[in-house]
Each structure stands twice: as structure tokens, then as C-alpha cells.
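[1] here is a sequence together with a model predicted from it:
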Amino acid sequence: MDLDRHDFQLDELVGRIKSNDHRLVALQVPEGLKMQALEMMDQIEDGSDAKVVLAADPCYGACDLVHDKMMAMGVELVAHMGHSQMNIDSGMPTQFIPVTYEGEPEIEPVLGILDRHRSLSMEKLEGTEPSQLSEEEAQDRFLDAVGRVSPLSDTRLGLVGSIQHLHLLPKYKEMLEKSGFEVTIPTGGDRLTFPGQVLGCNYSGDDSTIGHYLFLGSGDFHPIGMVLHTGKPLALLDPYTGDASEMSFSRIERILRQRFGLIMEIGKAETFGILIGEKPGQMRRNLAIRMKRILENHGKKGYLLALDHVSPDLIDFYPVDAFVNTACPRIAIDDSVRYEKPLVTPYELEVALGEKSWEHGYQFDEIP
Ligand code: SF4
């Protein structure tokens, strides 16, 4: 990672620590920044009278605040890096630091992809999709790939990004508009802090006026969730490399085939472990209890299992036939091959039990 081009806002953090005369502060950083954490701790301790504790457990999002544990340790302020505040009450002073990246990729490489995606969404809007598609055309139809029947009212370009790049969105909106696109920076629900923000578990800014998307960010974690959630074509522009690409049909189709397979498999299951996430922003107790009731109504058994981290070695050994996960939705989608037994989302369980049908397409498990 090119650290020199990231803004960690350590001066602001040190200023806050000094003005409040904090003596013990905690630093919580995502996995990608752990290697640099000790350097940051040195910088904070050199600039203030505070001692710094690193919350060294894995951290994948602002859903995973360590405040209770740190409060018990006497920590007065938590500095949480790389994520923004969610709709959960941490109960103690927190400095959320988004860690912005200054790189600004050229838009030219992505314009051709956006143009093609806009045509796809116009065909969808006008209902003029040709009945006979070539293999290549068929593979371009993301809407069909995710089987969604999401009516469009317009074909605007939705401009979104991961938190490190959100400051670029207004400027990129202008550039894309100059290139002939009608652009929306969508605003989502309470779990999202900034316009254009998306999380791996929340794409709530999506609406029927958006026909296709451009994501500013790297990796495929957010893009996979976006296409599963929205069913819309998605172009990608990576500010770290300048590369333009698109989320491929075959990638999403592979995931959906796997989900279909797991739904078929759990149809025969009689006993389930129902996972409840203990992390504050992942805890969906009511959903877990609803799953238990639904299982009971179908003459099946569900055991509620609460965990902080969900991993194969912590659950594989339970003598149940399958697991339904109400913690981070991405555990079932991204990691299910690591588990010995089927691991499904609540929606997938409902489909398997006949409570929901496939006819409206795959429904992404979103945490609102
Ligand atoms: S619940 Fe999962 S996807 Fe959502 S913010 Fe937390 S780690 Fe990310």
C-alpha cells in the first residue's frame, strides 16, 4: 500500500488527545493497515502524553467496535481507522478516520464500458431487448444474471466508491457529466455516513432511476455485493492502479450457482445452527429468533449460537446438518466453501423452506 498518499489525520487525532488530556487511547485499524499500526502508535505517543493500546483482534468494519472491551481497560478515546460511523451507539468517544487516498485515476479508460452499460440499461428500460441474443450479448445482461425483476424508471449512472475515495465523487460526477452521462451520487440509509458510500452489507442508495454503476475503489468485495444486490451492470475504476474493468457475468453466475446448490442441499437438513454475531453492528438477534421459529414451524430444529468471530474451527464440529448465518452477510457469500456443512443466509433458508420463491430473483442479505 502506498502509505505516503493516504491521509491518516494523525495531527488532528493528537490535537484532540492533547486538548482533552487523554492518558490512554485505543487504536483500531483494518487488517490492511496492521503493519503500519506500530508506527502510528509511536507518532501518537511522541506527540502527546497518552499511551496507546492497539486493538489487535481482526477488524473488518465499523460494525466491529471494541468499545466495551476498551472501556473496561480504562481507555478514554478510540481512534477507529478506515471506516465511518454506523447507526450503532458505541457508548464512548470515538474518532472515525476514513483514511483518504489522494490518487485520481483518468476516466477515459472506463468511458467505453460505461457507454455499453448505459445501452444495456436503456434496452431494459424500453423493454426492447432482442429475443435472440448472441452468447456475448447474453453474458452482458447482468440483470438476467441475477434474475432480478427490478423495474427501471431511468438509466442514470450511479457513482459510488469505498470510503478512501469518496472525496473524489463530486469532481468525477462533473467529469462524467461533461462526457455525456447523467450522474447520481446515491444517498443510502442510516448505516452509511456519506453520499456515494457503499458497504459490503449495504447498498441502500440504489433506486429505480439508476440503470448502471461506476465504483471507485479496489478489489471485488464491494462490487460483488453491489451486483448481487442491485442486479445492475457495474464498471470499476481503481484509484490505486488507474485500471478500468467491469464485474464479470461469469463471476456472479458462479456465486449464484453455488447459492442455488446450497439451497437445494439444505432442503433435506433437519437440524440447523443459527449464528448470531456478537459484534455490535452485526447483531441481528430478532432475525435469528425469527429463523428459529420458521424452522420450528417446518418441524425442524434450530440452535442459536452466538459468536464474535465466525470461523470453520468454531462451528464445524456441532452435530447439526447446516448453518444459517445472521452475522456479517458476507461470511455465507464469500467464505462458504471453507465450511464443512452448508452455510446459508436467512433469505436462502426461507427459499429452501418454501417461505420465499425464486421468481423475484436472488435477494441479497442486507443489514439496514
Ligand atoms: S457486517 Fe460485514 S460487510 Fe458489513 S461492515 Fe461489517 S464486516 Fe463489512
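    Now that the structure is in, tell me what you want to look at. Residues are numbered from 1 along each chain as shown.

[2] helices of this protein, residue ranges please.
    Counting by DSSP state H, the chain forms helices over residues 10-19, 34-47, 67-72, 108-126, 135-140, 142-145, 169-178, 221-230, 249-266, 285-297, 312-315, 329-335, 346-352, given from the N-terminal end onward.

[3] how about the ones you listed, which one is nearest the ligand?
    Set against the ligand and scored by C-beta to the nearest ligand atom, the helices of the chain come closest in helix 329-335, at 4.8 Å. C-beta coordinates here come from the backbone N, C-alpha and C atoms, glycine included.

[4] just the C-alpha atoms of the closest one, please, in CSV.
    Listed next in CSV are the C-alpha coordinates belonging to helix 329-335 (Å, rounded to 0.1, in the frame of the first residue of the first chain):
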residue,chain,number,x,y,z
PRO,A,329,-23.8,-11.4,5.4
ARG,A,330,-20.6,-11.8,3.5
ILE,A,331,-19.5,-14.8,5.6
ALA,A,332,-22.0,-17.0,3.8
ILE,A,333,-21.5,-15.5,0.4
ASP,A,334,-17.7,-15.2,0.3
ASP,A,335,-16.5,-17.9,2.6
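
[5] what residues does this structure have near the ligand?
    With C-beta under 6 Å from any ligand atom as the criterion, the chain meets the ligand at residues 60, 61, 63, 199, 200, 201, 281, 282, 328, 330, 367.

[6] want to throw the residues you listed into TSV with distance to residue 71?
    Conversion of the residues of the chain next to the ligand to TSV gives the following (distance: C-beta to C-beta, whole Å):
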residue	distance to residue 71
60	21
61	20
63	18
199	25
200	27
201	26
281	17
282	19
328	23
330	28
367	24
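
[7] let me know the closest of those residues to residue 222.
    residue 200 (6.0 Å; C-beta to C-beta).

[8] show the contacting residues for that closest one.
    When the contact criterion is C-beta atoms under 8 Å, 6 or more residues apart in numbering, the partners of residue 200 are 61, 221, 222, 225, 328, 329, 330.

[9] ok, 10 Å please
    Taking C-beta atoms under 10 Å, 6 or more residues apart in numbering as the definition of contact, the neighbours of residue 200 are 60-61, 63, 162, 221-222, 224-226, 328-330, 333-334, 367.

[10] please apply the same query to residue 92.
    For residue 92, the set of contacting residues under the criterion of C-beta under 10 Å, 6+ apart consists of 26, 65, 67, 68, 70, 71, 75, 76, 77, 78.

[11] what of residue 42?
    Contact partners of residue 42, counting by C-beta under 10 Å, 6+ apart, are residue 52.

[12] do you know how far it is from residue 48?
    Distance from residue 42 to residue 48, counting by C-beta to C-beta, to the nearest Å: 12 Å.

[13] got a pLDDT number for the closest residue in space to residue 34 that isn't next to it in sequence?
    In this structure, residue 34 finds its nearest non-sequential neighbour in residue 56, 7.7 Å apart by C-beta to C-beta, 6 or more residues apart in numbering. At residue 56, the pLDDT value in this model is 95.

[14] can you check residue 142 too?
    49.

[15] how about residue 343?
    Confidence per residue is given as pLDDT, and for residue 343 that number is 98.

[16] make sure it is actually in contact with residue 328.
    No: taking contact to mean C-beta atoms under 10 Å, the distance of 11.8 Å between residue 343 and residue 328 leaves them out of contact.

[17] any common contacting residues for the two?
    275, 310, 335.

[18] which of those has the most neighbours?
    Scoring the shared contacts of residue 343 and residue 328 on neighbours with other C-beta atoms under 10 Å, the highest-scoring entry is residue 275 at 26 neighbours.

[19] count the neighbours of the closest residue to that one other than its chain neighbours for me.
    The spatial neighbour of residue 275 that comes closest, neighbours along the chain excluded (C-beta to C-beta, 6+ apart), is residue 325 at 4.6 Å. Each residue near residue 325 was counted by other C-beta under 10 Å, and the total is 33.

[20] ok, the spatially most distant residue from the centre of the chain to residue 19 distance?
    Outermost residue of the chain with respect to the C-alpha centroid, by C-alpha atoms, centre = their mean, is residue 49; its distance is 36.8 Å. Residue 49 sits 12 Å away from residue 19, going by C-beta to C-beta.

[21] same question for residue 124.
    In this view, residue 124 and residue 19 are 54 Å apart by C-beta to C-beta.

[22] please produce a PyMOL select command covering the buried subset of the contacts of residue 200.
    Written as a PyMOL command, the selection of buried residues from the contacts of residue 200, which uses 16 or more other C-beta atoms under 10 Å, is:
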select buried, resi 60+61+63+162+222+224+225+226+328+329+330+333+334+367
